[in-house]
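1. My questions concern the predicted model and sequence given below.
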Amino acid sequence: MEVSEPRLVLVFSGKRKSGKDYVTDLIQDRLGSDVCCILRLSGPLKQQYAEEHGLDLQQLLGPGPYKEQYRANMIGWGETRRHDDPGFFCRLATREACQPVWVVSDARRQTDLQFFCSEFPRQTQSVRVQSSEKTRKQRGWSFSTGVDDAESECGLDSGVEFDWIITNEADAPSLDEQLQPILKLAEEAVTSSRRRPPDDPVLVL
Ligand SMILES: Nc1ncnc2c1ncn2[C@@H]1O[C@H](COP(=O)(O)OP(=O)(O)OP(=O)(O)O)[C@@H](O)[C@H]1O
Ligand SMILES: C[C@@](O)(CCOP(=O)(O)O)CC(=O)O
């Protein structure tokens with residue numbers, strides 16, 4: 001395997017504007033970037049798409065409205081590449097990761113989750129971020145046919161029992177409170193990686 005072995009892999013998914021980036025940024029902020037990296041499966045996809053189409057990569061990566069005008073085409077473009085190799089973007093996104101805790105911010109398809117569960121069966125934990133449609137609308141979301149009813153948004157709506165569900169709403173318990181057990185798990189994984197040489201067995205979850 002080309003990637004170095006992580007001690008914990010947190011695979012996040014959630015609908016558009018549920019707050020995946022916000023929540024995963026918070027986790028990295030709490031753990032520190034020396035121990036925790038954020039891996040965006042859409043990162044290498046957007047990079048290649050931007051190069052081929054002469055687009056502004058930084059805007060495609062950001063939370064603003066720019067990327068929305070290209071989303072449907074980017075989904076189709078990515079699916080063509082995933083067709084023959086479902087792990088294509090997973091491998092690209094993880095190839096330089098070296099921290100003990102990996103936070104994958106944007107799993108969308110069963111194949112994304114399967115990739116991590118089969119490569120890192122003992123380390124992988126799935127996390128769903130959920131928000132109401134009302135809240136997502138306040139954050140700029142509106143329903144788009146061909147996007148919000150497609151696999152990119154609905155691929156993990158059923159058939160997965162998530163290890164953790166985070167409710168990202170103003171009237172829910174604070175994110176710090178909800179994330180506490182996940183942060184504890186990460187801290188244990190980091191402690192175990194400091195105690196053991198890298199090739200020793202990983203933390204059994
Ligand atoms: N708990 C929160 N408090 C304040 N702002 C938030 C919170 N959660 C999300 N936001 C804001 O809502 C917007 C959407 O959040 P974010 O980009 O994290 O969602 P996402 O699920 O990654 O969306 P997409 O996949 O559609 O880009 C951002 O501007 C973000 O700062
Ligand atoms: C094209 C795509 O990667 C866009 C993801 O954008 P974002 O994570 O919502 O910023 C979605 C997909 O791969 O289906």
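-> Now that the structure is in, tell me what you want to look at. Residues are numbered from 1 along each chain as shown. Ligands and ions are numbered 1, 2, ... in the order given.

2. what comes into contact with the lengthiest helix in the chain?
-> Scanning the chain for the helix with the most residues, using DSSP state H, yields helix 175-195. Helix 175-195 is contacted by residues 7-8, 10, 23, 26-27, 30-31, 35-36, 100-101, 123, 125, 127, 164, 166-168, 172, 202-203, 205 when judged by Cβ atoms under 8 Å, 6 or more residues apart in numbering. For the C-beta atoms, the positions are set from N, CA and C on the backbone; glycine is no exception.

3. just checking, which of those belong to helices?
-> For these, membership in helices holds for 23, 26, 27, 30, 31, with DSSP H as the criterion.

4. now, among these, which is nearest to residue 160?
-> Relative to residue 160, the closest of the ones in helices among the contacts of helix 175-195 is residue 23; by Cβ to Cβ it sits at 17.6 Å.

5. Around ligand 2, pick out the residues from the chain.
-> 16, 42, 45, 67, 71, 74, 75, 78, 106, 108, 152 (Cβ under 6 Å from any ligand atom).

6. Of those residues, which belong to helices?
-> Using DSSP H, these in helices are 42, 45, 71, 74, 75, 78, 152.

7. what about the last one, distance to residue 107?
-> What it means is residue 152. Remark: distance between residue 152 and residue 107 (Cβ to Cβ, to the nearest Å) = 11 Å.
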